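# sequence and predicted structure, then a few things I'm wondering about:
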Amino acid sequence: MSEPPRSRLPIPIAGFTPVFAPRRIARPQWWRGQGSRVAMVIGIASAIFGAWLAQSASQVPVYARSGTVWVGNHALTPTGGGEYDGDAAAVMVQVSPTVIRAGASANVNGSRSLGLCLMTEHSASDMDEACSFMLAGKVVGSTDHFNGQSWARRYSDGREVTIPVPSGGSVIPVPFPVGR
């Protein structure tokens, strides 16, 4: 009678424990004591970068040039009486020599938005603005300050946006929910 073939499985005849123990992965000596700290630093740096990236959303300029109102690449052409029409509609009314009231209606992210702003001019490079927006049935306010080059807008929910006014453009109220 012939002998059965021997098994080549890594299981010894006496028990069910593997013959080969798993190999430990060799790590550099410095990693053994500092691995968790390195991972923590990488995590914190990633979180800071993510927060910076979220805050540095693309800036949309809003200004007037040659009678046309520009919101980013969208032109609103004058229709008379302080009214503008295009991808959005806007109305601007001079209340006094230093105060302008503006309102706008536009589609933002697929839903209708309404905006109303009251801009007060202190000087050619110092203006303030208080705005209120209706976005998807929710009311959000903002306070804006023009510093000579751009509007610094802070929404009531804490979000901050910079709205640049390019050189050669005129400063106008911004009743558009820029950055939302």
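Structure's in. What do you need?

# I figured Ser125 hits Phe146, correct?
Yes: the criterion here is CB atoms under 8 Å, and Ser125 meets it with Phe146 at 7.3 Å. C-betas here are computed from N, CA, C, even on glycine.

# higher neighbour count, the two?
Phe146 (23 against 11; other CB atoms under 10 Å).

# coming back round to it: give me the common contacts of Ser125 and Phe146.
Shared contacts of Ser125 and Phe146, defined by CB atoms under 8 Å, 6 or more residues apart in numbering, are absent.

# so where's the chain shaky on pLDDT?
1-23, 27-33, 35, 52-58 (pLDDT under 70).

# which stretches of the chain form strands?
62-65, 68-71, 74-80, 83-85, 89-96, 99-108, 111-123, 126-135, 138-146, 150-155, 160-164 (DSSP state E).

# so what's the gap between the shortest one and the chain middle?
To tie it back to what came earlier, the one meant is strand 83-85. 28 Å (CA atoms, centre = their mean, to the nearest Å).

# quick check: the closest residue to Gly82 other than its chain neighbours vs Pro175, distance?
Residue nearest to Gly82 in three dimensions, not counting chain neighbours: Met92, with 4.8 Å by CB to CB, 6 or more residues apart in numbering. Between Met92 and Pro175 the computed distance is 8 Å (CB to CB, to the nearest Å).
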